[in-house]
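A.B. asks: generate a structure from the sequence data that follows.
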Amino acid sequence: MASGIWQIPKIPELRNRLLIMVALLGVYRFGVFIPNPGTNRGALKSFFGGDSGTLFDLYNMFSGGALEQFSIFTLGIMPYISASIIIQLLTVVVPALERLQKEGEAGRQKITQYTRYGTIGISVIQGFAIAYGLENMSAPGDSGAVVLTPGWHFRLMTVLTLTTGTAFIMWLGERITEWGIGNGISLIIMAGIIVRFPDALFTTFGQLRTEERNFLQLLVLGVFAIGVIVFIVICERGQRRIPVQYAKRVVGRKVYGGQNTHLPLKINMAGVIPPIFASSIIMFPATVASFWRGNPFLDAVQALFMPGTTMYLTTYAAMTIFFCYFYTSVTFNPADVAENMQKHGGYIPGIRPGKHTAEFIDRCLTRLTLSGSLYIALVCVIPDILISQARVTFYFGGTGLLIVVGVALDLVAQIESHLLTRHYDGLMGDQGKRIQSSYGKRGAKPL
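C.D. replies: Okay, the predicted model is just below:
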């Protein structure tokens with residue numbers, strides 16, 4: 001892999017795309033530190049200083065600390081993600097959106113336009129909610145009020161600034177996708193997560209100097225972290241390949257079809273959406289309780305669902321498993337796959353086309369979803385177990401690690417494809433050569 005990395009500068013197009021990607025991500029990180037006027041930054045840092053188990057912590061993680069700074073990028077890219085999920089769910093129940101989705105590139109551009117409008121609308125609502133919430137919030141200790149000059153002037157200015165910041169981040173993500181390499185939105189989210197890793201490492205190694213931990217404990221923790229990452233990579237790349245055979249068709253003097261292929265079903269078909277849904281719902285009571293401190297009922301609910309408690313871990317895992325099945329059933333329809341396969345003359349050996357094929361795919365998908373949901377639930381509860389039981393000082397695992405590993409795998413795959421297209425070995429060395437030779441056997445022409 002190291003030898004493949006040295007091949008990247010030899011391809012001008014790939015080198016330029018990587019430089020553009022890094023430059024645009026640098027612009028995003030620079031904007032995180034541009035503060036929104038009218039707030040007490042010291043009070044904000046006191047409020048977000050610890051893990052309170054609220055939705056603000058989730059937003060702060062995805063925004064790369066922008067919420068803690070209350071910068072112009074405070075909302076981050078989360079409104080765009082929410083709008084994308086809403087539009088994706090609406091395509092299942094709204095026939096007009098479903099028809100648009102099947103119209104090819106023109107339909108996808110229209111859906112993308114609706115997603116942008118939804119992003120602006122969600123940003124306005126969330127910006128006003130944050131401004132109103134900050135006005136009624138006081139930081140713990142002697143930090144004072146969070147908002148210096150409350151009122152409609154502060155609210156309107158905050159809504160305008162935060163909405164503009166989200167729109168700019170959305171534009172940056174689309175430009176990274178177009179001019180750079182990889183999915184721009186995913187790379188922005190990954191950049192906001194990994195910037196917190198160095199601080200976590202310094203804090204952990206600082207425990208070695210203060211003798212809170214010994215070298216053996218840190219070694220075991222490092223081996224465990226590497227093992228979790230390897231486990232995630234294996235599960236993310238794992239798939240069930242259902243063999244599909246296409247019948248031969250004679251059109252004039254030419255024979256079409258007759259090829260053997262496969263239908264890949266990933267272990268994790270739902271991605272990171274289920275843990276985001278589950279964490280948002282389970283953090284909602286603690287978020288409400290943070291606005292009305294001192295209420296006995298809300299304080300009791302917040303204590304019951306604090307991260308690390310048995311109730312929190314059990315509910316979080318159960319909701320993650322449920323949303324894995326729910327989101328997979330919404331985004332993947334076995335009946336449509338079987339119908340499209342039958343239209344093109346494809347069939348699964350030993351399975352009758354049509355209804356029986358759909359039932360077979362659904363049965364395979366249900367079993368895979370069980371394994372995938374258990375894997376996601378395990379990865380998501382690992383951080384709270386490490387923090388509560390092993391006294392780990394940083395948040396390792398969960399949704400953030402799933403996103404980082406998934407985006408990194410996608411980025412490596414795209415770089416690999418660029419290298420293989422130019423007949424280099426690729427990042428994976430011998431594996432890249434085998435892929436290249438397989439393409440050559442199929443009659444691929446060199447560029």
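A.B. asks: any idea how far Leu402 is from Ala408?
C.D. replies: 11 Å (C-beta to C-beta, to the nearest Å). Every residue, glycine included, has its C-beta placed from N, CA and C.
A.B. asks: of the two, give the one with the bigger neighbour count.
C.D. replies: Using other C-beta atoms under 10 Å as the criterion, Leu402 and Ala408 rank with Leu402 on top: 22 against 18.
A.B. asks: which residues touch the more buried one?
C.D. replies: 232, 272, 275, 376, 379-380 (C-beta atoms under 8 Å, 6 or more residues apart in numbering).
A.B. asks: in a markdown table: the residues you listed, plus distance to Ser84, neighbour count and secondary structure.
C.D. replies: What follows is the contacts of Leu402, written out as a markdown table (distance: C-beta to C-beta, whole Å; neighbours: other C-beta atoms under 10 Å; DSSP: H, G, I helix; E, B strand; the rest coil):
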| residue | distance to Ser84 | neighbour count | secondary structure |
| --- | --- | --- | --- |
| Ile232 | 23 | 21 | helix |
| Val272 | 13 | 21 | coil |
| Pro275 | 16 | 26 | helix |
| Ile376 | 19 | 28 | helix |
| Val379 | 23 | 22 | helix |
| Cys380 | 21 | 25 | helix |
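A.B. asks: show me which pair in these is furthest apart.
C.D. replies: Ile232 and Pro275 (12.5 Å; C-beta to C-beta).
A.B. asks: how close does Ile86 sit to Leu401?
C.D. replies: In terms of C-beta to C-beta, Ile86 sits 26 Å off from Leu401.
A.B. asks: repeat that for Phe305.
C.D. replies: 22 Å.
A.B. asks: in stretch 411-425, what counts as buried?
C.D. replies: Across stretch 411-425, burial judged by 16 or more other C-beta atoms under 10 Å covers 411-412, 414-416, 418-421, 424-425.
A.B. asks: sorry, back to before: who's more crowded, Ile86 and Leu401?
C.D. replies: Set Ile86 next to Leu401 and count neighbours by other C-beta under 10 Å: Leu401 wins out with 21 against 14.
A.B. asks: got a pLDDT number for the more buried one?
C.D. replies: At Leu401, the model reports a pLDDT of 84.
A.B. asks: next, the contact list for it, please.
C.D. replies: Contacts of Leu401 (C-beta under 8 Å, 6+ apart): 228-229, 232, 379.
A.B. asks: tell me the secondary structure at Arg241.
C.D. replies: strand (DSSP: H, G, I helix; E, B strand; the rest coil).
A.B. asks: residue nearest the centroid of this protein?
C.D. replies: Of all residues in the chain, the one closest to the mean position by C-alpha atoms, centre = their mean is Ile403, 4.2 Å from it.
A.B. asks: and it, what helix or strand is that in?
C.D. replies: Element membership for Ile403 (DSSP states H and E) is helix 398-421.
A.B. asks: would you confirm that Met170 contacts Gly118?
C.D. replies: No - with contact defined as C-beta atoms under 8 Å, Met170 does not reach Gly118; the gap is 11.0 Å.
A.B. asks: one step back: contact partners for the residue nearest to the centre of the chain?
C.D. replies: 186, 189-190, 193, 272.
A.B. asks: among those, which one has the most neighbours?
C.D. replies: Ile189 leads the contacts of Ile403 on contacts (other C-beta under 10 Å) with 27 neighbours.
A.B. asks: ramachandran angles for that residue?
C.D. replies: phi -60, psi -40 (degrees, to the nearest 10).
A.B. asks: how many other residues sit next to Ile351?
C.D. replies: 17.
A.B. asks: just the pLDDT at it, thanks.
C.D. replies: At Ile351, pLDDT is 86.
A.B. asks: surely it and Phe360 touch.
C.D. replies: Yes - with contact defined as C-beta under 8 Å, Ile351 reaches Phe360; the gap is 4.9 Å.
A.B. asks: ranges for the helices of the stretch 301-447 of the chain?
C.D. replies: 310-331, 334-343, 355-389, 398-421, 430-441 (DSSP state H, counting those that start in this stretch).
A.B. asks: for the stretch 1-150 of the chain, same thing?
C.D. replies: 2-5, 12-32, 41-47, 55-62, 66-69, 78-93, 95-101, 105-135.
A.B. asks: ranking those helices by burial, who's on top?
C.D. replies: helix 66-69 (a mean of 24; mean count of other C-beta atoms under 10 Å).
A.B. asks: so where's this structure uncertain?
C.D. replies: 1-5, 45-58, 137-145, 249-258, 286-295, 390-397, 422-447 (pLDDT under 70).
A.B. asks: OK, contacts around His262?
C.D. replies: His262 touches 241-244, counting by C-beta under 8 Å, 6+ apart.
A.B. asks: assign it to helix, strand or coil.
C.D. replies: Going by three-state DSSP: His262 is strand.
A.B. asks: who does it bridge with?
C.D. replies: Pro243 (DSSP bridges).
A.B. asks: which residues are contacting stretch 167-187?
C.D. replies: 14, 17-18, 20-21, 24-25, 27-28, 31, 73, 76-77, 80-81, 116, 119-120, 123, 188, 403, 406-407, 410-411, 414-415, 418.
A.B. asks: pull out the buried positions in that stretch.
C.D. replies: Of the residues in stretch 167-187, those buried (16+ other C-beta under 10 Å) are 167, 169-170, 172-173, 176-177, 180-187.
A.B. asks: with stretch 298-314 instead?
C.D. replies: Quick answer for stretch 298-314 (16+ other C-beta under 10 Å): 298, 302, 305-308, 312-313.
A.B. asks: go on, stretch 148-163?
C.D. replies: 150, 154-155, 157-159, 161-163.
A.B. asks: and those residues as TSV, adding secondary structure and distance to Gln69?
C.D. replies: Below are those laid out as TSV (DSSP: H, G, I helix; E, B strand; the rest coil; distance: C-beta to C-beta, whole Å):
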residue	secondary structure	distance to Gln69
Pro150	coil	20
Phe154	helix	17
Arg155	helix	19
Met157	helix	17
Thr158	helix	14
Val159	helix	18
Thr161	helix	13
Leu162	helix	13
Thr163	helix	17
